[in-house]
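Q: need a structure here:
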Amino acid sequence: MKIAVFGIGAIGGYIGGLLANAGEKVSFIARGETLSAIRESGLTLQRGDETFAIKPEYASDNPNDIGVADYIILCVKADALQNAAEIISPIVGPNTVVVPTQNGVMASKQIASVIGSEKVIEGICQFNAQMIKPATVITGANQPTFNIGESDNTTTERILLLQSALHNAGFNSVIPENIQVALWTKLMGIAALAGMECVTRTSSAIWSQIPSLKTMYSKSMEETRDVARSLKIEIPYREIEQRVDRLGSGSRSGTTSLHKDIVEGRPSEIEHQIGDIVRIADEHNIDTPVNSFLYNCLLPQEKVARKEI
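A: I've put the predicted structure just below:
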């Protein structure tokens, strides 16, 4: 199996690193200092007390150097997906499968608009990782989760082959009964969490100690659940209850990537998380006061980061 991982940041480095460490033929599409570091000494993956030195099959900033891949895992930021889909076109063959890993519910549609929906499956990553310097990724000791599925919820050979490779690499990989429910459930939780972190400028371990903010967090998820329901996607209410119950259990310094980007003045994925929720809600005449508040509060900072105002 020939696998290409496009975007070797924390997520791409972790996924590609574990797959390569398990013996898969993995090529890295990277750039800049990260590419130089990989070419010089490979990728270093630190997981708990373990350290892996990873040598990919190939590393390049030009997909043409790699050749047609069986699977392409896209680990770029959501706003770079369209461009990434165009860049990978030369290594997309008749049977190539493209797997997005971004938070949100529109990634597969963006990719499909360039390379065709028949080549795209859904991917849902649920783990934390950090790139502390070029080509060095650290993560906790917990088993990472990378769920996959066809958009129509059928179980196909290409899904089973990738799931087997992920299992062999050490991932917990499940094929959800309904992949759209799984995608919207993740979006519901991550958008509410990131939104609250961004407007309060603190981690959930801190803001969750204020009852009114905990209620606001819950209301944000309830609104997203209503939006999903308008699309005939039913998220069980227990998913909200479980997330509320877990609030405050994390580190006081641990926050989402969206929060880190906002605080540090970088372009973020707000449009692909809270923004998409608000826009889809508007299309279906659904009131989302909390998500609209979060989105509009953060929008000026996003536009400054993108040099639009």
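Q: nearest spatial neighbour of R201, skipping sequence neighbours?
A: Of all residues not flanking R201 in the chain, V263 sits nearest, at 6.8 Å (Cβ to Cβ, 6 or more residues apart in numbering). All C-beta atoms are positioned from the backbone trio N, CA, C, and that covers glycine.
Q: mind checking how far the one you found is from M1?
A: According to Cβ to Cβ, to the nearest Å, V263 and M1 sit 39 Å apart.
Q: do the same with S41
A: Counting by Cβ to Cβ, the gap from S41 to M1 is 25 Å.
Q: hey, where'd the strands end up in the stretch 151-300 of the chain?
A: In order along the chain, the stretch 151-300 of the chain carries no strands (DSSP state E, counting those that start in this stretch).
Q: for it, which spans come out with low pLDDT?
A: Applying pLDDT under 70 to the stretch 151-300 of the chain flags residues 253.
Q: Just want the phi and psi numbers for the spatially closest residue to R306 that is not a sequence neighbour.
A: Leaving aside its sequence neighbours, R306 sits nearest to P267 (Cβ to Cβ, 6+ apart; 5.1 Å). Per-residue torsions, P267: phi -60, psi 140 (degrees, to the nearest 10).
Q: Can you name the residues that contact P267?
A: 77, 79, 261, 302, 305-306 (Cβ atoms under 8 Å, 6 or more residues apart in numbering).
Q: Show me where the stretch 201-309 of the chain has its helices.
A: 204-207, 211-230, 238-246, 257-263, 274-283, 289-305 (DSSP state H, counting those that start in this stretch).
Q: Could you check the second one and say which residues are buried?
A: Neighbour counts using 16 or more other Cβ atoms under 10 Å place 213-214, 216-228 of helix 211-230 among the buried residues.
Q: do stretch 244-256 as well
A: Applying 16+ other Cβ under 10 Å to stretch 244-256 flags 244, 247, 255-256 as buried.
Q: so how far is the longest strand along the chain from its chain's centroid?
A: Longest strand in the chain, counting residues (DSSP state E): strand 92-100. A distance of 18 Å separates the centroid of the chain from that of strand 92-100, by Cα atoms, centre = their mean, to the nearest Å.
Q: Now do the one residue sitting closest to the centre of the chain, the pLDDT please.
A: Taking Cα atoms, centre = their mean, the centroid of the chain lies closest to Q102, which sits 2.9 Å from it. Per-residue confidence at Q102 stands at 95 (pLDDT).
Q: swap in the one 3 residues further on?
A: With respect to pLDDT, V105 scores 97.
Q: Doesn't it lie inside a strand?
A: No - checked against DSSP: H, G, I helix; E, B strand; the rest coil, V105 lies outside a strand; its state is coil.
Q: wait, isn't it in contact with I190?
A: No - V105 lies out of contact with I190 (Cβ atoms under 8 Å); the separation is 11.2 Å.
Q: of these two, who's got more company?
A: V105 (23 against 20; other Cβ atoms under 10 Å).
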